[in-house]
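Q: Quick one, fold the following:
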Amino acid sequence: MPSKFITNQNELLADVIDDILPSTDKLHFLVGYFYFSGFEQLYQNLIDKQMRILIGMDVERGILNKIKQFEIIQEVNISRGQIKQNYFNSLVTLFNDTDFFDTEEKQAAFKLFLNKIRDGSLEIRKTEQPNHAKLYLFEKKPEHSEGGRYPGAVITGSSNLSLSGLTSRNEINVVFRDEHYLEGKELFDQLWESAIDIVNKNDAVQFESQVVEKIWLEKLPLPFFMYVRVLDEYFTFKKPLIRFPAEITGNRFFNLKYQTDAIYQALNIIEKHNGVIVADVVGLGKSIVASAIAHNLRMKTIIIAPPHLTDQWNDYRFSYDYNARVFSSGSIDKALKQMSRDEQKLIIIDEAHKYRNEQTRDYGNLHQLCQGNKVMLLTATPFNNRPQDIFSMIKLFQIPARSTIQTIDNLAYQFRELIKQYKAITKSQREKLEPLLVIKSRIAQLAREIRNLISPLLIRRSRLDLNDIDEYREDLQKQKIELNIVEPPMLLEYDLGELAPLYVETLENIAPKDENSKTGFIGARYKPTQYLKNIDKYRDRLQADFGDENLFFQTQINLAKFMRRLLVHRFESSKFSFNESLKAMIKSAEVIKGWYDRLGKVPIYKKGKLPDVDSLLLDGGIELDADAAEINFEDLLQTYQKKGLITIDRADLSEQFIQDVIKDIELLSRIKDQWFSKGIGADPKIERLKKLLQVWLRNEPKRKIVIFSEFGDTVNYLEERLEKDFRLFKYTSKDANKTNKKTIRENFDAGLPKDEQKNDFDILIATDAISEGFNLHRAGIIFNYDIPYNPTRVIQRVGRINRINKKVFDRLYIYNFFPTATGEDETRIKQITTLKFDMINALLGEDTLVLTDETQLESFFREQYEQELAAQEERSWDVDYRNLLNHLKMHQPEIVQKARELPRRSRVRRSAGKEKQGVVIFGRKGEDYKFKLGSKDEDFAISAETALKLFAADVNEKPEQVSPAFEAIYQRL
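A: Model (predicted):
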């Protein structure tokens with residue numbers, strides 16, 4: 001005897017219902033929840049049926065049939081109209097906010113559902129009180145009721161009208177017929193009479209407006225509206241109730257729109273990703289943004305900053321009222337020891353790009369310090385670094401294997417690919433496999449890829465953005481803040497006079513055009529392993545102590561080249577610096593000769609004890625403090641000897657080694673005698689500078705001047721030679737104390753209140769120790785006393801006088817100093833012209849080999865500066881999109897409102913020509929937005945920059961129905 005019980009084990013409830021349906025014409029279902037998956041399961045057999053559905057609880061909620069139960073009837077004093085509206089809202093939410101209706105089968109089921117409402121064959125009501133009962137009544141067609149003796153069947157039990165209830169879940173239901181049907185029908189009718197109308201034929205118009213018009217099915221919105229919707233979603237971020245700089249500081253600082261936006265955005269990014277990179281260009285107020293964020297987070301804060309900026313950060317923490325301790329970059333270990341782990345903290349890292357080497361102790365300590373805390377990285381140069389350096393910074397607050405960046409699938413993999421690209425580019429550059437222009441193009445493309453990768457973590461605006469983004473420009477204008485115009489660098493020349501021949505000869509001796517020439521400086525004492533007779537004898541020991549032997553050999557070669565290049569820098573900088581370097585390098589070579597002669601050995605330096613030469617070269621040169629004229633290896637030698645210094649026996653070196661060391665000593669000694677046998681002597685460079693300063697100060701006495709040199713020795717020398725004739729102040733890293741910093745602020749910072757400003761000094765002479773953290777905008781001229789071989793450094797210097805908070809001069813000027821020759825002696829003029837290009841080539845390398853005349857020389861520095869400025873002050877890719885959105889919000893808000901009303905999951909086909917073909921989608925993954933592009937063969941994440949180009953649409957473009965190929969690609973995405 002067949003069982004009346006249906007458990008979805010041997011027989012599915014869906015099959016039982018399908019067997020019953022052909023003989024019925026009316027259906028009366030009482031269900032706790034109306035699951036559309038159940039309707040879809042049966043819809044093909046429901047076309048000609050009259051249906052009444054009575055819902056006891058609510059419509060299906062959540063994705064993948066995960067029920068989010070809530071009993072709306074139990075809400076206090078809820079009206080019948082609100083119950084109906086809640087049902088409509090639930091259905092719209094199910095349709096638009098989940099992927100439930102993304103398949104063609106479900107869409108077909110919904111179309112039948114909709115048609116049945118329109119023709120009156122489907123009515124839905126909601127029980128007045130919550131009801132969990134399940135009752136399925138099947139009223140037979142007259143011809144199948146056997147004259148009314150078998151009016152229908154009833155199924156009751158545990159199954160809701162859902163896919164799982166009908167087919168898969170363990171359920172218990174029972175089938176009754178005859179009199180049980182009549183009893184069930186009577187009960188159903190009683191509940192139906194008192195139930196609340198949700199939808200019927202009379203309510204079809206309301207259903208159309210409240211549901212059908214709000215879902216994406218069969219909609220063809222204008223592509224322009226979809227484009228605006230994407231812009232609105234992408235560029236709008238949460239704006240919690242927070243305090244801004246003016247409120248925090250009692251109006252000592254302005255509320256600038258670009259800064260308040262950055263504060264909002266950074267707080268959102270920190271909430272999502274545990275950290276943020278604030279990378280506005282120099283002079284736009286990264287410290288102000290960071291301090292306002294710290295104030296609003298109200299967390300205990302640790303600030304890591306370069307030593308010369310610690311006082312400034314202490315000022316900020318008091319002005320912005322947040323609980324912070326400031327540690328210098330050399331005291332990270334102290335910060336780590338003193339930090340308690342009792343609560344989460346905010347870690348602010350200024351000049352974060354300096355912490356790029358994961359192998360250093362400082363990075364290790366910093367990584368520990370950041371773990372479990374919120375992190376804010378401040379840097380003006382996020383894209384100028386190698387991808388592995390940027391990855392190191394990001395790992396301070398992101399775990400690569402569990403990255404919160406949802407715009408990519410695998411953060412570590414993406415960076416590995418970028419690092420691979422970078423290595424390929426550097427190899428091509430090193431081995432000259434591609435033209436320089438191709439290399440530069442590849443580097444620029446790599447920088448763009450890095451920017452796109454880290455964009456969810458990044459805030460970066462340039463001065464171009466402030467001028468080109470309408471709302472920022474208008475805000476600055478309202479607050480009477482104007483941007484300066486910075487003129488490109490100009491050459492100023494000084495006549496070498498009688499020193500010209502010696503100048504030319506010296507440069508050829510230091511850095512001959514033929515690098516392999518034995519007539520110039522060799523640097524033998526820096527590369528002893530190049531002279532080993534039998535490398536195999538030392539191979540094992542070198543590998544044990546230094547790792548990769550080939551890398552170690554190359555490091556020694558690089559060190560010798562570096563010292564030669566350093567000597568050229570010092571030679572070009574000033575006579576005093578050149579003399580100091582000659583003395584130090586002669587002594588250094590003599591020490592090695594002493595080891596060779598007296599001990600019969602030559603030392604090799606331990607890896608990790610030398611400065612990181614590769615990093616120095618990567619930065620474009622070494623910053624030498626104060627009187628440090630040369631890397632001091634000699635003190636290290638004595639320390640190393642005590643610790644078991646690695647040495648090479650003299651007998652294992654070719655005789656050429658000591659011969660080359662002696663050649664270097666003799667060459668450097670001869671040069672020293674030629675230049676300094678009678679002291680420093682006449683200096684045409686400094687005499688020319690005096691005359692220029694006198695003219696500038698006479699013509700514009702209020703335009704103060706900042707003179708930069710790379711070397712502390714040169715700064716000290718300039719002070720000594722100029723202090724009798726000018727009111728000047730000198731600053732190097734050794735002068736970094738509160739008194740000197742106060743003096744500089746009082747005399748050069750236009751942001752100070754007028755009554756605090758002083759006018760004791762007209763000229764500031766400084767190293768790059770002052771190129772960070774100081775406002776010097778009472779000065780209007782930057783004078784580079786040394787040849788500015790590094791354009792990034794020039795931009796940082798200009799950033800000191802190009803400040804956003806106070807405009808003093810309409811135009812700012814940059815001057816580069818260069819030797820020249822005058823007179824009628826053509827041979828002498830040709831010598832000096834040759835000298836110029838030889839000097840530049842020695843300092844800068846092959847980029848300048850095409851230079852042949854004076855005009856090209858000036859244009860080279862101009863172009864080099866402008867290229868770097870373009871890279872750093874690059875107009876953000878999103879400016880035009882932001883302007884369009886802001887324009888619409890201000891002048892055509894109805895368009896934005898229509899775009900916001902578009903149902904989620906809307907889709908259209910477009911015929912507009914685009915650079916890519918396929919299906920592009922925009923959606924959320926977690927709290928992040930994600931763009932993906934799919935085609936028949938593949939799908940992948942794309943950047944917002946790429947995606948918005950694809951979404952961009954003209955207001956007149958017409959939409960089209962999606963093609964049959966759409967569904968398969970969309971489902972994969």
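
Q: Just to be sure, residue 25 is in a strand?
A: Yes - counting by DSSP: H, G, I helix; E, B strand; the rest coil, residue 25 is located in a strand.

Q: Ignoring the adjacent residues along the chain, who's closest to it?
A: residue 141 (4.6 Å; C-beta to C-beta, 6 or more residues apart in numbering). (Each C-beta comes from the backbone N, C-alpha and C, glycine too.)

Q: Ok, residue 387 next?
A: residue 418 (3.9 Å).

Q: For the one you found, which residues are in contact?
A: By C-beta atoms under 8 Å, 6 or more residues apart in numbering, the contact list for residue 418 reads 387, 446, 449, 450, 453.

Q: OK, contacts around the first one?
A: So that's residue 387. So residue 387 contacts 415, 418, 419, 421, 422, 446, 450 (C-beta under 8 Å, 6+ apart).

Q: Low-confidence stretches in the stretch 751-900 of the chain?
A: Filtered on pLDDT under 70, the stretch 751-900 of the chain yields the residue ranges 771-773, 789, 820-873.

Q: All the strands of it, in order from the start?
A: With DSSP state E, counting those that start in this stretch as the criterion, the stretch 751-900 of the chain has strands at 763-766, 779-784, 811-820.

Q: Tell me which of the ones you listed sits most buried.
A: Of all these, strand 763-766 has the most neighbours on average by mean count of other C-beta atoms under 10 Å, namely a mean of 25.

Q: Just list what that strand packs against, helices and strands only.
A: Packing partners of strand 763-766 (3 or more C-beta pairs under 8 Å, 6 or more residues apart in numbering; DSSP states H and E): strand 704-708, helix 712-722, strand 728-731, helix 738-748.

Q: Name the residues that touch the shortest one?
A: Okay, so that is strand 728-731. By C-beta under 8 Å, 6+ apart, strand 728-731 touches 715-716, 718-719, 722, 740, 743-744, 747, 760-767, 769-770.

Q: The residue nearest to residue 25 against residue 20, yeah?
A: No - counting by C-beta atoms under 8 Å, residue 141 does not reach residue 20; the two are 11.4 Å apart.

Q: which strands and helices sit next to the helix or strand hosting residue 587?
A: Applying DSSP states H and E as the criterion places residue 587 in helix 575-594. Helices and strands touching helix 575-594, by 3+ C-beta pairs under 8 Å, 6+ apart, are helix 549-573, helix 634-642, helix 655-676, helix 712-722.

Q: mind exporting the helix or strand following the third one as PDB, just the C-alpha atoms?
A: Just to be clear, that refers to helix 655-676. Where DSSP H and E defines the elements, the next helix or strand beyond helix 655-676 is helix 684-699. Extracted C-alpha coordinates of helix 684-699, given in PDB (Å, rounded to 0.1, in the frame of the first residue of the first chain):
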ATOM      1  CA  PRO A 684      85.000  82.300 -10.000                       C
ATOM      2  CA  LYS A 685      81.800  80.400  -9.200                       C
ATOM      3  CA  ILE A 686      81.300  82.000  -5.900                       C
ATOM      4  CA  GLU A 687      82.200  85.500  -7.200                       C
ATOM      5  CA  ARG A 688      79.600  85.200  -9.900                       C
ATOM      6  CA  LEU A 689      77.100  84.100  -7.300                       C
ATOM      7  CA  LYS A 690      77.800  87.200  -5.200                       C
ATOM      8  CA  LYS A 691      77.000  89.500  -8.200                       C
ATOM      9  CA  LEU A 692      73.800  87.600  -9.000                       C
ATOM     10  CA  LEU A 693      72.600  87.900  -5.400                       C
ATOM     11  CA  GLN A 694      73.300  91.600  -5.300                       C
ATOM     12  CA  VAL A 695      71.300  92.200  -8.500                       C
ATOM     13  CA  TRP A 696      68.300  90.100  -7.400                       C
ATOM     14  CA  LEU A 697      68.100  91.600  -3.900                       C
ATOM     15  CA  ARG A 698      68.400  95.100  -5.300                       C
ATOM     16  CA  ASN A 699      65.700  94.600  -7.900                       C
END
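
Q: Could you figure out how far helix 684-699 is turned away from helix 712-722?
A: On the basis of axes from the mean of the first three to the mean of the last three C-alpha atoms, to 10 degrees, helix 684-699 is oriented at 60 degrees to helix 712-722.

Q: residues of helix 684-699 that come out buried?
A: Under the neighbour-count criterion of 16 or more other C-beta atoms under 10 Å, helix 684-699 has 684, 685, 686, 688, 689, 692, 693, 696, 697 buried.

Q: Next, work out how far apart the third one and residue 731 are.
A: What that stands for is residue 686. According to C-beta to C-beta, to the nearest Å, residue 686 and residue 731 sit 19 Å apart.

Q: same thing with the fifth one?
A: Between residue 689 and residue 731 the computed distance is 18 Å (C-beta to C-beta).

Q: one step back: which one of the contacts of residue 418 sits closest to residue 780?
A: Proximity of the contacts of residue 418 to residue 780 (C-beta to C-beta) peaks at residue 450, which lies at 35.1 Å.

Q: so the closest one touches residue 390, yeah?
A: Yes - using C-beta under 8 Å, residue 450 makes contact with residue 390 at a distance of 6.0 Å.
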